[in-house]
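Peer 1: this one's sequence-less:
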Ligand code: G16
Ligand code: MG
């Protein structure tokens, strides 16, 4: 039976991708090149330093490690400023209702995010009380598609990976769930998330009953 749900943050519970985009775009412009919304798709679910490498690749820049750390720091300061103004109105449609329903059904809930800023976002949107475990970029060593973030979540919840369902908007996140031995539901388009057990366009389409239909207890 399914005993736990693990949620990615950016793109599943909140749309912080737009703030990441604004901050990366500002950095690219300072460095003298353009960064489009289409380019930004490549950064979804990817860690901060790996995102910077992709961005610098687009600009054709090759910089030393010290300069790169300073640039990542700069981008993050802008991003932190944007998310400091977030509130619960930025929780994506259907997310709160689904979390509430899972809680009522006794299903354990964990966060599995690559972001080092996850706590700020959860605090500002008042979502902290929904989580029985919070695993974010400050607790992990390896980035998705490595399964570490989800395996730590299952461990903290004391639930077997086979009894977990991961909700993800990034291909690397679905891959991480598969490698963790968990079930997964993609939130977004079938084209990129086709490896998940099922795909919904938003959590508005989710309910505890749909979860039980998808993964019946044998
Ligand atoms: C999020 C975003 C990524 C971002 C990463 C690291 O992951 O999707 O675009 O690069 O976190 O964020 P930060 O720079 O705040 O540490 P997730 O796993 O919540 O989708
Ligand atoms: Mg995501």
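Peer 2: Perfect, thanks for sending it. What you see is a predicted model; the values in this text were computed from it and never measured. Ligands and ions are numbered 1, 2, ... in the order given.

Peer 1: Within range of ligand 2, give me the residues from the chain.
Peer 2: 8, 10-11, 45, 169-170 (CB under 5 Å from the ion). (C-beta placed from N, C-alpha, C; glycine too.)

Peer 1: How about residues contacting stretch 126-139?
Peer 2: Defining contact as CB atoms under 8 Å, 6 or more residues apart in numbering, one finds that stretch 126-139 is touched by 9, 13, 47-48, 88, 91, 96, 99-100, 103, 108-119, 122, 149-150, 152-153, 156-157.

Peer 1: Can you list the buried residues in it?
Peer 2: Residues 127, 130-137 are the ones in stretch 126-139 that count as buried (16 or more other CB atoms under 10 Å).

Peer 1: tell me the mean pLDDT for that stretch?
Peer 2: Throughout stretch 126-139, pLDDT has a mean value of 98.

Peer 1: Next, residue 174: secondary structure please.
Peer 2: Following DSSP: H, G, I helix; E, B strand; the rest coil, we place residue 174 in the helix state.

Peer 1: Tell me the pLDDT of it.
Peer 2: In this model, residue 174 is scored at 96, pLDDT.

Peer 1: and it, what does it touch?
Peer 2: So residue 174 contacts 166, 168, 184, 186, 193, 195-196 (CB under 8 Å, 6+ apart).

Peer 1: got it, and residue 79?
Peer 2: By CB under 8 Å, 6+ apart, residue 79 lies in contact with 19-20, 23, 117.

Peer 1: any idea how far residue 12 is from it?
Peer 2: Per CB to CB, to the nearest Å, residue 79 is found 18 Å from residue 12.

Peer 1: Ok, residue 108 next?
Peer 2: Residue 108 sits at a distance of 17 Å from residue 12 (criterion: CB to CB).

Peer 1: Okay, helices next: where are they in the chain?
Peer 2: Along the chain, counting by DSSP state H, helices occupy 17-31, 37-41, 48-59, 65-83, 95-104, 118-124, 148-157, 171-179, 190-193, 208-214.

Peer 1: List the buried residues in the shortest one.
Peer 2: When you say that, I think you mean helix 190-193. Those would be 192-193, for helix 190-193 by 16+ other CB under 10 Å.

Peer 1: Then the first one?
Peer 2: The neighbour-count criterion (16+ other CB under 10 Å) identifies 17, 19-21, 23-25, 27-28 as the buried residues of helix 17-31.

Peer 1: same check, this time on the third one
Peer 2: Buried residues in helix 48-59, counted by 16+ other CB under 10 Å: 48, 51-52, 55-56.

Peer 1: Let me know the closest of those to ligand 2.
Peer 2: Nearest to ligand 2, judged by CB to the ion, of these is residue 51 at 12.2 Å.
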